[in-house]
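Student: Need a 3D model of the sequence below.
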Amino acid sequence: MALIYGSLFQGSNPVHAFQLTGDGGFLPIDPNANATQQSPFWFHYDYKNPESEKWLQESDLFNEQVKSALCGCEGRWRILRVGDGVLLTLQTLNTNAGQRPEQLVAFRVFINSRIIISSRHRKVNALDSVITDLKQGVGAESTGDWLVEMTDAITDEISDFTDTLHERLIDLEDSILNGEIPERGELALLRKQIIVIRRYMAPQRDMFARVATEKLLWIDETDRRRLQDISDRLGRCIEDLDGFVARTAIMSDEITNMMTEMMNRRIYTMSLLAMIFLPTTFLTGLFGVNLGGIPGNEFRFAFSVFCVLLALLIGVVFWWLRRSRWL
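Tutor: Numbering: from 1, shown residues only. I've put the predicted structure just below:
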């Protein structure tokens, strides 16, 4: 298709509709107007919107595989070459209110030299920086440049979160070194976040590297180098996450050792107390039998003398334990 008209997007109800001006800025588009393309279009959709989903399913701009992906039917990451364009299924952090970062947001993009069609359901906050740059006139100048800006924004978000995880790890390590045990579930949640993000970012790194090597005319050499740099930067984040997994395993072992030591210490203390009071328990049990003939049963101060003897016996046992270095 040599020419794309704005009328093709009528009734699609996009979240954002922009036309790149080629100098780092954009022009807002009315999808219901009959505008002719002079520079690339960017349409951003919520595929759960009925109007957007219907348009994506019925549009003649894509084949069935692209339609299926843009409508959210395929959730796994992938890269698919379609003519002179590519389809990317990406994952990014969920930074929406009330959500946890490891509950990743799926983000799908079909891009070629003329159009950028992106879709998601939950908001992708990483795109805010791309839109802000366009509003300030310092954004993407072409579709290839937009792809670089988008992948850079996602990687920046991952990098910042990796730094946050590192700080949390340091705080936990310091508290453990000070003999403090973290709250129940805190270390488990941290480890889950590390493992999940590492699991999904490793294929994404490979996707960025592959796009950099694809023979696409709308990606110039500068964009290819930037994509490769972004892939390398994401790779360094993944290496950090691998180290974090090992550190959490060490912390988990240390917490287990601390709890075992605490339990052993308590059991040891209880055992010593039992040893201290064992002779006195025997004597009180012996003199507590309800039988006649117990020595001193008619002596007025027999009970007082018995209590003093018990106290002396406890003192002797305690002295013996200290001398034997059990205490």
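
Student: residue ranges for the helices of this protein, please.
Tutor: Secondary structure of the chain, counting by DSSP state H: helices at 50-58, 64-70, 127-135, 143-177, 186-213, 221-287, 302-323.

Student: could I get those as JSON lines with distance to residue 97, mean neighbour count and mean pLDDT?
Tutor: Yep, even glycine has a C-beta here, placed from its N, CA and C like the rest. As requested, these are exported to JSON lines (distance: least, C-beta to C-beta, whole Å; neighbours: other C-beta atoms under 10 Å; pLDDT from 0 to 100):
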{"stretch": "helix 50-58", "distance to residue 97": "23", "mean neighbour count": "16", "mean pLDDT": "90"}
{"stretch": "helix 64-70", "distance to residue 97": "26", "mean neighbour count": "18", "mean pLDDT": "88"}
{"stretch": "helix 127-135", "distance to residue 97": "14", "mean neighbour count": "16", "mean pLDDT": "91"}
{"stretch": "helix 143-177", "distance to residue 97": "16", "mean neighbour count": "18", "mean pLDDT": "93"}
{"stretch": "helix 186-213", "distance to residue 97": "18", "mean neighbour count": "18", "mean pLDDT": "91"}
{"stretch": "helix 221-287", "distance to residue 97": "24", "mean neighbour count": "14", "mean pLDDT": "88"}
{"stretch": "helix 302-323", "distance to residue 97": "60", "mean neighbour count": "13", "mean pLDDT": "82"}
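
Student: between those helices, which gets nearest to residue 43?
Tutor: helix 50-58 (9.2 Å; C-beta to C-beta).

Student: Using PDB, list the CA coordinates for the closest one.
Tutor: What follows is helix 50-58, C-alpha atoms only, in PDB (Å, rounded to 0.1, in the frame of the first residue of the first chain):
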ATOM      1  CA  PRO A  50     -15.300  -2.700  21.700                       C
ATOM      2  CA  GLU A  51     -14.900  -0.100  18.900                       C
ATOM      3  CA  SER A  52     -11.100  -0.500  18.900                       C
ATOM      4  CA  GLU A  53     -11.300  -4.300  19.000                       C
ATOM      5  CA  LYS A  54     -13.900  -4.300  16.100                       C
ATOM      6  CA  TRP A  55     -11.700  -2.000  14.000                       C
ATOM      7  CA  LEU A  56      -8.600  -4.100  14.600                       C
ATOM      8  CA  GLN A  57     -10.400  -7.300  13.600                       C
ATOM      9  CA  GLU A  58     -11.900  -5.800  10.500                       C
END
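
Student: Tell me how far stretch 273-287 lies from the chain's centre.
Tutor: 57 Å (C-alpha atoms, centre = their mean, to the nearest Å).

Student: Please report how far residue 13 lies from residue 249.
Tutor: 48 Å (C-beta to C-beta, to the nearest Å).

Student: Residue 129 and residue 260, how far apart?
Tutor: Taking C-beta to C-beta as the measure, residue 129 falls 48 Å from residue 260.

Student: Over to residue 231?
Tutor: 44 Å.

Student: Could you do residue 130 as well?
Tutor: 51 Å.

Student: just to revisit the earlier point, which one of the helices of the chain lies nearest to residue 110?
Tutor: That would be helix 64-70 among the helices of the chain, by C-beta to C-beta, at 5.3 Å.

Student: same for the closest one, what does it pack against?
Tutor: helix 50-58, strand 78-82, strand 85-92, strand 105-111 (3 or more C-beta pairs under 8 Å, 6 or more residues apart in numbering; DSSP states H and E).
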